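A.B. asks: Predicted model, plus sequence, below.
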Amino acid sequence: MLHITSLNNGIEIFKALGSDVRIQILNILLENKDISMKELASMLNITSGALTGHIKKLESCGLISTSTESMAHGNQKNCTIHWDRILIDLEQPGEDENVFSSEIRIGHYTDYSATPTCGLASSQALIGEVDDARYFEHPDRFNADILWFTIGHVEYVIPNFTPGFHRITQISITMELGSEAPGINSEWPSDIKFYMNDIFLGKWTSPGDFGDVNGLFTPSWWPQNWNQYGLLKLLVINKKGTFIDGIKISNVTINQLNLDYRSSLRFRLAVEQNSTHTGGLTIFGKSFGNYGQDINAILHYAPIN
């Protein structure tokens, strides 16, 4: 998911989308995942030269990515769509609001429970043995860039360094998430629940555990039949409620959480035994998946009236 925080920041994206041909290209890539430039030109009935200009425009603003593959008769350039969703913020923060942002490593959880299938890995290797939850306490877990479990939770402390005598007016958290199937399964739903300071915020149902293509950042040593990437999700808690990718998931507002510069922020992700869909949870960090990021948190704050 691509998050555009203001109309001015999205100008290049809007220009790229202002073409029928480029919209056709995106639609084809959404259906085909990965396709060569030659096939794409044929499907659009345009020349390779004309297609190149459109591809450069889409690639320059991050909507697609290209890669070169060696073939028997030379090199072939392939195109892949980069973002599965675009979210645009039309409402801007108040003039008296400021922001504090932080990145939280996947292995820097402060509490956990995990049942197999489960495990952790750094960018270099597995941490301990898979399906043995004891390794969630291993010292090397601080280097983890991916973790997974079937039933359980992980809880993170979001750093709160807002200035004294300020209140938190909005929390935004982005993270790459997926289900956890034995192996991979793109149709493996899982109800992933979110909590802040033990208050239930709502849930998002992950559609599956994705492994149809390699993750853009997933290391080459990672087994091909294990999950490769997730979906980038944006969780927002503001004065109107709690939202995932702009869709309201509960009426819990930031005011109900009553947060200020003294507050601890304990953020929990959980898959619970009593849920309708218990398809597990995978969290992808910088060295895995498609987005090259850890858990990113942004706190909006304003003076206490």
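C.D. replies: Great, that's in hand.
A.B. asks: List the strands paired with the helix-or-strand element of the chain with minimal mean pLDDT, with their directions.
C.D. replies: The helix or strand of the chain with the lowest confidence, counting by mean pLDDT, DSSP states H and E, is strand 2-4 at a mean of 76. Strand 2-4 pairs in its sheet with strand 86-88 (parallel), by DSSP bridges.
A.B. asks: And the strand it pairs with, what's buried?
C.D. replies: Neighbour-count burial for strand 86-88 flags residue 87 (criterion: 16 or more other Cβ atoms under 10 Å). Every C-beta, even on glycine, is put in place using the N, C-alpha and C of the backbone.
A.B. asks: where are the low-confidence patches of the protein?
C.D. replies: Residues of the chain meeting the criterion pLDDT under 70: 72, 91-97.
A.B. asks: by contact count, what packs against the top strand by length along it?
C.D. replies: Using DSSP state E to define each element, the chain has its longest strand at strand 166-178. Secondary-structure packing of strand 166-178 (3 or more Cβ pairs under 8 Å, 6 or more residues apart in numbering; DSSP states H and E): strand 199-206, strand 231-238, helix 254-257, strand 266-271, strand 281-284, strand 295-303.
A.B. asks: so can I have JSON lines of those showing distance to residue 153 and mean neighbour count?
C.D. replies: Formatted as JSON lines, those follow (distance: least, Cβ to Cβ, whole Å; neighbours: other Cβ atoms under 10 Å):
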{"stretch": "strand 199-206", "distance to residue 153": "12", "mean neighbour count": "18"}
{"stretch": "strand 231-238", "distance to residue 153": "15", "mean neighbour count": "22"}
{"stretch": "helix 254-257", "distance to residue 153": "19", "mean neighbour count": "16"}
{"stretch": "strand 266-271", "distance to residue 153": "4", "mean neighbour count": "21"}
{"stretch": "strand 281-284", "distance to residue 153": "8", "mean neighbour count": "29"}
{"stretch": "strand 295-303", "distance to residue 153": "14", "mean neighbour count": "20"}
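A.B. asks: quick one, which of these is nearest to residue 31?
C.D. replies: Ranking those by their distance to residue 31 (criterion: Cβ to Cβ) puts strand 231-238 first, at 17.5 Å.
A.B. asks: what residues are up against the residue of the chain positioned farthest from its centre?
C.D. replies: Relative to the centre of the chain, the most outlying C-alpha is that of residue 73, 37.6 Å out, by Cα atoms, centre = their mean. Counting by Cβ atoms under 8 Å, 6 or more residues apart in numbering, residue 73 touches no other residue.
A.B. asks: With distance to residue 26 as added columns, please give the helices and strands packed on strand 166-178 in CSV.
C.D. replies: Below are these laid out as CSV (distance: least, Cβ to Cβ, whole Å):
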stretch, distance to residue 26
strand 199-206, 23
strand 231-238, 17
helix 254-257, 35
strand 266-271, 31
strand 281-284, 23
strand 295-303, 25
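A.B. asks: between these, which one is nearest to residue 56?
C.D. replies: Nearest of the helices and strands packed on strand 166-178 (Cβ to Cβ): strand 231-238, 24.0 Å.
A.B. asks: outside of the closest one, which residues touch it?
C.D. replies: 1, 3, 84, 87, 169-178, 194, 196, 201, 204, 206-207, 210, 242-246, 252-254, 257, 290-291, 293.
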